[in-house]
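> Fold the stuff below for me.
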Amino acid sequence: MSIRAVLWDIDDTIFDYSRADLTGMRDHLTAEGLVDGFDSVDQALCRWQELTTIHWRRFEAGGVDFQEQRRERVRDFLAAPRLTGAEADAWFERYIAHYEAAWELFPDAVPVLDMLASDYRHAVLSNSSIHNQDRKLRVLGVRDRFEAVVCAAELGVAKPAAEAFHAGCAALGLAPGEVVYVGDQPDIDARGAAEAGLTGVWLDRADAGGRPELTRITDLHQLPALLRRDTRFGAPDTFG
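The predicted structure follows:
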């Protein structure tokens, strides 16, 4: 069965989420007058990232809904457990304004989407919400590249659950064996996709390596050749 479509992750795959998050939080902390509450801006940023990971994993595991994981991040970061939902939401929205000002696609995203446009169909599967991700793709100018945007907050199930990947395939009307999933997380994205019957590709931009069982690329420019040789890829450590 040949590959007919690419199902994409967004954050830290085509969109430079980590840089935007750090830049946005740095600007937000300064605007909120919170820098003095930490030894350094870097310490504050590390704490925010730590809490983002903790609460995002709770959301992915189904332990909390999308909006509440945001509120809990804010409460923990400010050490303010009594903060109301409305107060936490307002704080987060002020952060979002700084975060969005730093939005950028990775330089390889549009060129590779262009290279693949005539031969493969495209959709998105994200562990976020449709409100966030549809708007993000529109602001970044690439929403029209994707037939569908499928998100965990609306599905009620998140990657790496097979049901999430199958929902992405269903949005394309294709069998899992006809779809490749590309994402930056080796387990949540590449391994999860493979276990769901798709072909998983780990986009390892940091060239961390160490997962020889996964198909791995370090730059999206490597993806077209990988797809076009289409033998279901096997399981090379990296594409060279």
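> How confident was the prediction at Ala193?
What the model reports for Ala193 is a pLDDT of 98.
> Does it touch Leu203 like I think?
No. Counting by CB atoms under 8 Å, Ala193 does not reach Leu203; the two are 12.0 Å apart. (Glycine included, C-beta is placed from N, CA and C.)
> ok, Ala117 to Glu60 distance?
31 Å (CB to CB, to the nearest Å).
> With Ala196 instead?
15 Å.
> one step back: which of Ala117 and Glu60 has more neighbours?
A direct count of neighbours by other CB atoms under 10 Å for Ala117 and Glu60 places Glu60 higher, at 19 against 11.
> ok, then the element right after the longest helix anywhere in the chain?
As assigned by DSSP state H, the longest helix anywhere in the chain is helix 41-60. Per DSSP states H and E, the first helix or strand lying C-terminal to helix 41-60 is helix 66-78.
> Mind jotting down where the strands sit in the protein?
Remark: strands assigned in the chain by DSSP state E are 5-8, 121-126, 149-151, 179-183, 199-203, 215-217.
> contact partners of the helix or strand bottoming out on mean pLDDT in the chain?
In the chain, no helix or strand scores lower on mean pLDDT, DSSP states H and E than helix 41-60, which sits at a mean of 87. The contact list for helix 41-60 (CB atoms under 8 Å, 6 or more residues apart in numbering) reads 21-22, 25-26, 29-30, 34-35, 37-38, 64-66, 69-70, 72-73, 76-77, 127, 152, 158-159, 188.
> could you dump it to PDB, C-alpha only?
C-alpha atoms of helix 41-60 as PDB (Å, rounded to 0.1, in the frame of the first residue of the first chain):
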ATOM      1  CA  VAL A  41      14.700  35.500  33.400                       C
ATOM      2  CA  ASP A  42      16.200  32.100  32.300                       C
ATOM      3  CA  GLN A  43      15.100  30.500  35.600                       C
ATOM      4  CA  ALA A  44      11.600  31.800  35.200                       C
ATOM      5  CA  LEU A  45      11.500  30.500  31.600                       C
ATOM      6  CA  CYS A  46      12.800  27.100  32.700                       C
ATOM      7  CA  ARG A  47      10.000  27.000  35.400                       C
ATOM      8  CA  TRP A  48       7.400  27.800  32.800                       C
ATOM      9  CA  GLN A  49       8.600  25.200  30.400                       C
ATOM     10  CA  GLU A  50       8.700  22.600  33.200                       C
ATOM     11  CA  LEU A  51       5.100  23.400  34.200                       C
ATOM     12  CA  THR A  52       4.000  23.400  30.500                       C
ATOM     13  CA  THR A  53       5.400  19.800  30.200                       C
ATOM     14  CA  ILE A  54       3.800  18.600  33.400                       C
ATOM     15  CA  HIS A  55       0.300  20.000  32.700                       C
ATOM     16  CA  TRP A  56       0.400  19.100  29.000                       C
ATOM     17  CA  ARG A  57       1.100  15.500  29.800                       C
ATOM     18  CA  ARG A  58      -1.900  15.500  32.200                       C
ATOM     19  CA  PHE A  59      -4.000  16.800  29.300                       C
ATOM     20  CA  GLU A  60      -2.700  14.200  26.900                       C
END
